[in-house]
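> below are the sequence and a predicted model for it; my questions follow.
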Amino acid sequence: MIPDLKMRAAALLKSYQAQGLKIATAESCTGGLVAALLTEIAGSSAVVERGFVTYSNEAKTELIGVPADLIAANGAVSGPVARAMAEGALAHSRADVAVAITGIAGPGGGSAAKPVGLVHFAVTRKGAATIHLERRYGDLGREKVRARAVEEALGLLEQALG
């Protein structure tokens, strides 16, 4: 992993541990990269409760309870689905905070309405409103889109600390 991201992740974990909070992730286009980054840090088991890689629509529904009709109505890459992913990860874990990512990393799969590089994020914390964020990174290449998404997810986890 990128050294500055690893340092940032270590600081994040330290802050979560100090507050006694646990994290869950629900990842689609990043395929578990956020969880991998966090668990690369020694002692992360005190904070990282679990990670869900919900790449398929079925996984989103079966593992974290995203309603299939919500996916059908909005598409997997959408704000409503990102919110449902974060809320579902929180509900299906023992975490206090959950972050979710769903997007189109490319090189294919995009459309005029949902181009390659479109990523939706959500973060939720017990007792707080779910925050949604949309980013349009452009067709930077799969690796760069995914790396930017990991950075953004860290930012949302930082924000959720309050």
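That came through fine.

> and the residue nearest to the spatial centre of the chain, backbone torsions?
With distances taken as C-alpha atoms, centre = their mean, A100 lies nearest the centre of the chain, 2.8 Å away. Main-chain dihedrals, A100, degrees, to the nearest 10: phi -130, psi 150.

> in what helix or strand does the residue nearest to it when sequence neighbours are not counted lie?
Among residues not flanking A100 along the chain, M85 sits closest, at 3.5 Å (C-beta to C-beta, 6 or more residues apart in numbering). Quick note: C-beta positions are derived from backbone N, CA and C, even for glycine. Element membership for M85 (DSSP states H and E) is helix 79-91.

> got the contact list for that helix?
24-26, 28, 52, 54, 60, 63-67, 70-71, 73-75, 95, 97-102, 120-126, 130, 132, 134 (C-beta atoms under 8 Å, 6 or more residues apart in numbering).

> for PyMOL, write the select line for the buried members of those residues.
A single PyMOL command selects the buried members of the contacts of helix 79-91 (16 or more other C-beta atoms under 10 Å):
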select buried, resi 24+25+26+28+52+54+60+63+64+66+70+71+75+95+97+98+99+100+101+102+120+121+122+123+124+125+130+132
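
> show me the contact partners of the lowest-mean-pLDDT helix or strand in the chain.
Every helix and strand in the chain was compared by mean pLDDT, DSSP states H and E; the lowest is helix 3-19, with a mean of 95. Identification of contacts with helix 3-19 by C-beta under 8 Å, 6+ apart yields 1, 22-23, 37-38, 40-41, 43-44, 46-48, 97, 150-151, 154, 157-158, 161.

> in strands, which of the residues you listed fall?
23, 48, 97 (DSSP state E).

> let me have the residues you listed in CSV, extended by pLDDT and distance to P115.
Putting these into CSV (pLDDT from 0 to 100; distance: C-beta to C-beta, whole Å) gives the following:
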residue, pLDDT, distance to P115
I23, 98, 30
V48, 98, 32
V97, 98, 30
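
> flag the shaky bits of the protein, pLDDT-wise.
For the chain, the stretches with pLDDT under 70 are 1-3.

> if anything else comes up later, I'll come back, but that's it for now.
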